[in-house]
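Enquirer: Below is the structure, and that's it, no one-letter string:
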């Protein structure tokens, strides 16, 4: 009845019935316009992914999940961070794996991380929490990606098992291998995950 009433009213006013066509074009316009709208959900998600990706390329970083002073270097890929409020966190550097403390180059990797960040204020972009309760994340000193720096300097492997898509780490490891930098100066360095498995 409503449709009939609208049709009769429009016919009396305009001499023709156009409201079904008008309604159709309005709906099509709304749908086709959606992908280009700044508030589209896909655009917001893409912007966030781009922001996170840029953070790992040495460009302006996203907001840090944690910030504080490094109060202890545990090994080449783990440290303790003390927030301004007094809360302490253990941080496991995401996407890299360094030699174990009893493995060749293990102590050198720990010294390398200490030289970069010990007693300095850092930011952490958290990725996960591991089974030991540690925050797994990318560590930044200013805009410098410390995880990447450890691989570039030949003190860490790209940890493909847990970070298969971090291609910048792959490229950094490949370059360090070619240059025989750090642990790659040895003829056949043993990946730490193999070292741990053989120690069991």
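Expert: Great, that's in hand. These figures come from a predicted structure and were not determined experimentally.

Enquirer: Quick check: the closest residue to residue 172 other than its chain neighbours vs residue 197, distance?
Expert: Leaving aside its sequence neighbours, residue 172 sits nearest to residue 151 (C-beta to C-beta, 6 or more residues apart in numbering; 4.2 Å). C-beta: built from backbone N, CA, C; applies to glycine. For residue 151, the distance to residue 197 equals 21 Å [C-beta to C-beta, to the nearest Å].

Enquirer: Neighbour count: those two, which is higher?
Expert: Just comparing residue 151 and residue 197: by other C-beta atoms under 10 Å the higher neighbour count belongs to residue 151, 30 against 9.

Enquirer: and the residue nearest to residue 172, that one's in a helix?
Expert: Yes - the assignment for residue 151 by DSSP: H, G, I helix; E, B strand; the rest coil puts it in a helix.

Enquirer: what about the strands in the protein?
Expert: For the chain, the strands defined by DSSP state E cover 66-75, 78-82, 88-93, 96-97, 121-129, 135-141, 144-145, 157-158.

Enquirer: most neighbours per residue, which of these?
Expert: Highest mean neighbour count among the strands of the chain (mean count of other C-beta atoms under 10 Å): strand 96-97, with a mean of 26.

Enquirer: Other residues contacting that strand?
Expert: The contact list for strand 96-97 (C-beta atoms under 8 Å, 6 or more residues apart in numbering) reads 77, 147, 150-151, 156-159, 163, 169, 191-193.

Enquirer: Just the buried ones out of those residues, please.
Expert: 77, 147, 150-151, 156-159, 163, 169, 192 (16 or more other C-beta atoms under 10 Å).

Enquirer: Can you give the domain ranges for this protein?
Expert: 2-55, 66-199 (automatic domain parsing).

Enquirer: Residue ranges in the protein under the pLDDT threshold?
Expert: 1-62 (pLDDT under 70).

Enquirer: Grab the nearest non-local neighbour of residue 81.
Expert: Excluding its sequence neighbours, the residue lying closest to residue 81 (C-beta to C-beta, 6+ apart) is residue 68, at 4.4 Å.

Enquirer: For that neighbour, list each beta-bridge partner.
Expert: For residue 68, the beta-bridge partners are residue 122 (DSSP bridges).
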